[in-house]
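*Asks:* Any chance you can model this:
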Amino acid sequence: MPMHKTTEGHHDPLLRSLGDPFWAVDSRDYQITQPNEEKIKARGGSVLCIEKYRPTVELERAVMAIRFDDVFFGTQFHPEADAVGMRKYLLREDKKELVIEKHGEKKYWEMLDHLNDPDKIMQTNRAVLPRFLMMAFQHRLNYILV
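*Replies:* Numbers count the residues shown, from 1 in each chain. All right, here's what the predicted structure looks like:
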């Protein structure tokens with residue numbers, strides 16, 4: 001599914017190399033809508049991206065990623081998802097039926113087709129986790145050296 005960056009998301013080191021929208025696996029049962037952005041900002045955080053932005057549909061957009069502070073980062077999507085694993089998952093009969101029930105058959109086949117696109121979840125997988133680990137290592141190294 002497409003994820004749309006907020007202004008802060010465009011500048012966040014974990015997301016800035018990704019397009020807008022960028023694509024990620026979204027398989028949530030729960031969601032955050034109407035976050036108290038004042039409280040989030042007061043604690044040094046920011047909302048980084050929201051679910052598919054559709055200005056013609058009057059629905060609250062769910063929060064898909066939050067930077068809590070310089071170190072803590074949370075996602076509602078799955079940056080660890082890879083195309084091969086997702087294909088196996090979506091081809092399971094129970095998952096196929098579930099996706100078709102929730103989103104329709106056309107969307108199911110689009111999801112499978114998107115797995116072949118290197119600019120979709122493959123790009124998110126290659127960008128977010130390695131950069132997150134690099135930043136965590138650098139933070140730990142800085143902590144040790146101080």
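
*Asks:* Please tell me how far the nearest residue to residue 26 once chain neighbours are set aside sits from residue 144.
*Replies:* The spatial neighbour of residue 26 that comes closest, neighbours along the chain excluded (CB to CB, 6 or more residues apart in numbering), is residue 1 at 4.1 Å. Every residue, glycine included, has its C-beta placed from N, CA and C. According to CB to CB, to the nearest Å, residue 1 and residue 144 sit 39 Å apart.

*Asks:* more neighbours, the two?
*Replies:* residue 1 (19 against 7; other CB atoms under 10 Å).

*Asks:* Residue 28 is in contact with that one, correct?
*Replies:* No - if you go by CB atoms under 8 Å, residue 1 and residue 28 don't touch, sitting 9.9 Å apart.

*Asks:* Okay, buried residues for the longest helix seen in the chain please.
*Replies:* Ranked by number of residues, the top helix in the chain under DSSP state H is helix 121-145. Buried residues in helix 121-145, counting neighbours by 16 or more other CB atoms under 10 Å, are found at 121, 122, 123, 124, 125, 127, 128, 131.
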